[in-house]
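S.K.: Fold the following, please.
(one chain, ligands or ions: 1)
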Amino acid sequence: LKNIDPLHAILWTLRRNEKDVIHLYDTLSTMMELSTGARMLNFGYWKGNVLSPEEAQSQLCSSVGVTAELDTAQIIVDVGSGYGAPASQWERQYTHPLIVCVNTNSNHLTAGKNHIYHIQDYAVSDNAIRNYCKISFINSSSMALPFSNSSVDRVISLESAQHFKPFAVFISESARILSNNGLLVIAMPVTIGLRNSFESLIRLGILNFTWASEHYSLNHVLTTIEQEKFTIIDITMIGPDVYEPLAKYYFKNRQVLRNKILTEYPSYVERILFKSLLKMQNVSRKGIVDYVIIKARRY
Ligand SMILES: C[S@@+](CC[C@H](N)C(=O)[O-])C[C@H]1O[C@@H](n2cnc3c(N)ncnc32)[C@H](O)[C@@H]1O
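M.R.: The predicted structure follows:
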């Protein structure tokens, strides 16, 4: 069983600096994988007849790809790339682009790299090196994107910008590295209408601790983007197709998923997850928490 020191966990959750976020993912990524049975680390987009977290994640990834117009992209920077599973999907769906996965968590990058090396096609084909080289991995932060000015044409952040602190630095870094007319696409959880920290504390309840990221408001996200050289061209709110269906899936399959989680974690961790999903469902229904896909063009 994973040994979680509660004091450390509380500190990581409350302080949330880059190192804390790395520790959090090193501790909890396995639980995300066990409860979804998939390699992406996002909630997924459950619109239509979606039956599993894996399908929902793939749909979210596809929607982000379409929004980001990846069919015409040359160099995509995926900031907060997780295990590189979204990059793998885009690489299969689109033939041209070079995808650069940027992540603070080196374990995520290593796992992603190993996985891609082991995909049969890469190992056996003559195009192995060329195909492999279409995805590369860089251990860096959203706060200092290691690219020169105007050198890429897409920046994507798929359910990772909720960790970027300060958010404004990520946006100015994105504006700096994007060429003219380049696209920034962000998919992330946001809060709506919470006027101050006291109201957040009361209304988010347990999520103040278990939703272990910043709780940026939609308004803050949009105004920060508009303060840089970006024109927002699309805002799609998908919260009702994210939180509630995911929670329902978990509740319906709780027994099986719980047993899987208990192979790696003490039972109180699963209980906290269950309570957090209940609360997520509740705040989503009330419209306090939503999920946004934003598309902005650099001018
Ligand atoms: C919820 S996961 C999403 C991963 C991936 N986009 C996916 O959908 O599978 C968030 C990712 O962001 C990374 N991350 C968190 N803070 C970061 C930062 N400041 N800079 C770069 N990556 C960061 C985490 O290590 C993690 O891999």
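
S.K.: residues from the stretch 151-299 of the chain in reach of the ligand?
M.R.: 158-160, 163-164 (C-beta under 6 Å from any ligand atom). Yep, even glycine has a C-beta here, placed from its N, CA and C like the rest.

S.K.: quick one: the strands in this protein?
M.R.: Secondary structure of the chain by DSSP state E: the strands cover 75-79, 98-103, 135-139, 152-158, 178-191, 230-237, 289-298.

S.K.: To E244, which of those strands lies closest?
M.R.: Closest approach to E244 among the strands of the chain (C-beta to C-beta): strand 289-298, 10.8 Å.

S.K.: by contact count, what packs against that closest one?
M.R.: Applying 3 or more C-beta pairs under 8 Å, 6 or more residues apart in numbering; DSSP states H and E, one finds that strand 289-298 contacts helix 53-67, strand 178-191, helix 218-226, strand 230-237, helix 267-285.

S.K.: would you turn these into CSV with mean neighbour count and mean pLDDT?
M.R.: Formatted as CSV, the helices and strands packed on strand 289-298 follow (neighbours: other C-beta atoms under 10 Å; pLDDT from 0 to 100):
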stretch, mean neighbour count, mean pLDDT
helix 53-67, 21, 97
strand 178-191, 22, 98
helix 218-226, 16, 98
strand 230-237, 14, 98
helix 267-285, 17, 94
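
S.K.: Neighbour-wise, which one of the residues of the stretch 151-299 of the chain next to the ligand leads?
M.R.: Ranked by neighbour count (other C-beta atoms under 10 Å), those have L158 at the top, with 29 neighbours.

S.K.: Return the residues in contact with it.
M.R.: Going by C-beta atoms under 8 Å, 6 or more residues apart in numbering, L158 touches 42, 60-61, 64, 78, 80, 82, 86, 187.

S.K.: picking that back up, between the residues of the stretch 151-299 of the chain next to the ligand, which is nearest G239?
M.R.: E159 (12.8 Å).

S.K.: unless I'm mixing things up, that closest one is touching L41, no?
M.R.: Yes - applying C-beta atoms under 8 Å as the test, E159 and L41 come out as touching, 7.3 Å apart.

S.K.: Please dump the contacts of L158 into a markdown table; it should also carry distance to E18 for every row.
M.R.: Listed next are the contacts of L158 as a markdown table, based on distance: C-beta to C-beta, whole Å:
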| residue | distance to E18 |
| --- | --- |
| N42 | 20 |
| L60 | 25 |
| C61 | 25 |
| V64 | 23 |
| D78 | 18 |
| G80 | 11 |
| G82 | 16 |
| P86 | 21 |
| A187 | 21 |
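
S.K.: Check the offset of stretch 64-76 from the chain's centre.
M.R.: 17 Å (C-alpha atoms, centre = their mean, to the nearest Å).
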